[in-house]
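*Asks:* for reference, the sequence and a predicted model appear below.
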Amino acid sequence: GNNDESPAAKKAKHDSWSREDRQAVVRRLSRVRELQIAVSQDLRLERYSQVPRLARICEIYKLSQGEARLLSTMAVLATMETQVARCAVSEEDATRRSYQ
């Protein structure tokens, strides 16, 4: 069973899983960056408006109240997901250092 695995085998399994996770995180963060660039380059946004960016985006694209709420929720979730990914990478680094 799992208790019969050598430390090297456990480390190899951990590293393999981590590599896949890192690749997924890199892909996701790349997509987030692409979206961030697209939004920042949207000339229709009023640069110095006091209204929050999400509210301006909702107004520009004429989103309904439900769509605006969904967009806001997705933005919050994406931010949380990014923070979780950063924490996971930090934890991986700490774990990797403990194996050395």
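*Replies:* Arrived safely. Residues are numbered from 1 along each chain as shown.

*Asks:* center of this structure - which residue?
*Replies:* Thr82 (3.0 Å; CA atoms, centre = their mean).

*Asks:* other SSEs contacting the helix or strand containing it?
*Replies:* Element membership for Thr82, per DSSP states H and E: helix 65-99. Using 3 or more CB pairs under 8 Å, 6 or more residues apart in numbering; DSSP states H and E, the elements in contact with helix 65-99 are helix 7-40, helix 53-60. For glycine as for every other residue, the C-beta is placed from the backbone atoms N, C-alpha and C.

*Asks:* what residues of that helix count as buried?
*Replies:* Buried residues in helix 65-99, defined by neighbour count with 16 or more other CB atoms under 10 Å: 68, 71-72, 85, 92.

*Asks:* would JSON lines of those with distance to Tyr61 and pLDDT be doable?
*Replies:* Converted to JSON lines, these look like this (distance: CB to CB, whole Å; pLDDT from 0 to 100):
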{"residue": "Ala68", "distance to Tyr61": "9", "pLDDT": "89"}
{"residue": "Leu71", "distance to Tyr61": "9", "pLDDT": "90"}
{"residue": "Ser72", "distance to Tyr61": "13", "pLDDT": "89"}
{"residue": "Ala85", "distance to Tyr61": "27", "pLDDT": "87"}
{"residue": "Glu92", "distance to Tyr61": "38", "pLDDT": "85"}
